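>>> would you be able to build a 3D model of this:
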Amino acid sequence: MSEGKIFPVVGPEGARYSLSHRERGVPTMPARATLPLALALLAALAAPAAAQGGGCDDVAGVARELDRLAAAINREREAEGLRALGLNAKVAEAARNHGCDMVERDYFSHTGRDGSSATTRLEAVGYRPCFTAENLAYGQEEPGQVVRDWMNSPGHRANILHRRARVLGAAAVRPAGRSGPVRWVVVFANPC
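Numbers count the residues shown, from 1 in each chain. Got it, this is the predicted structure:
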């Protein structure tokens with residue numbers, strides 16, 4: 001049984017697929033109480049990842065974990081007759097930047113504390129998207145469980161199986177020097 005949490009989904013053009021946990025009457029925990037981890041994409045690890053403000057660490061074995069996450073997502077897509085998604089370093093960088101920002105500023109949301117969205121975060125790293133969607137989760141211990149939980153949520157599933165998606169970027173991070181539940185972030189995109 002998974003103890004991980006999944007959150008409302010922001011899909012293409014900011015469409016929301018589900019109600020917030022508060023609206024559904026599901027209790028939520030503040031980020032500081034969960035020692036959250038945020039996601040980092042495998043492709044972003046190809047280049048040295050500079051810690052932002054020193055407050056964010058990748059999870060141990062992150063390259064292997066993100067490989068497994070991408071493979072699980074692509075298995076779900078292929079089972080539905082969809083093409084596999086490629087990994088993109090800039091999309092991964094945007095995912096990791098958002099994950100680290102959530103850890104460092106102690107929040108968990110698709111909207112950055114600066115008002116940014118997944119689309120504006122992609123643009124900030126030099127990626128021009130014509131399609132963007134984002135999935136967030138925390139608490140799951142392994143990538144397969146994250147994807148299973150997302151596939152059981154209509155909005156998250158819609159993002160994973162979206163026909164316009166061509167690439168993905170992901171991140172798995174935690175507060176620097178500490179352990180705790182992993183936060184997972186995956187950004188799905190299609191360049192213009």
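>>> quick one, strands of the chain?
With DSSP state E, the ranges of strands along the chain come out as 5-6, 38-39, 56-58, 86-87, 129-138, 167-175, 183-191.
>>> what's the pLDDT at the residue nearest to residue 91 when sequence neighbours are not counted?
The spatially closest residue to residue 91, leaving aside those adjacent along the chain, is residue 169, at 2.9 Å (Cβ to Cβ, 6 or more residues apart in numbering). Glycine gets a C-beta too; all of them are placed from N, C-alpha and C. On pLDDT, residue 169 comes in at 97.
>>> cool, residue 27 as well?
Model confidence at residue 27 (pLDDT) stands at 33.
>>> ok, now residue 88?
Predicted confidence (pLDDT) for residue 88: 97.
>>> which residues touch the nearest residue to it once chain neighbours are set aside?
What sits nearest to residue 88 in space, not counting adjacent residues and going by Cβ to Cβ, 6+ apart, is residue 167, at 4.0 Å. Going by Cβ atoms under 8 Å, 6 or more residues apart in numbering, residue 167 touches 85-88, 91, 188-191.
>>> re the thing from before, export the strands of the chain to CSV and tack on distance to residue 72?
Formatted as CSV, those follow (distance: least, Cβ to Cβ, whole Å):
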stretch, distance to residue 72
strand 5-6, 15
strand 38-39, 14
strand 56-58, 19
strand 86-87, 13
strand 129-138, 12
strand 167-175, 11
strand 183-191, 11
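>>> mean pLDDT lowest where, among those?
Among the strands of the chain, strand 38-39 scores lowest, at a mean of 30.
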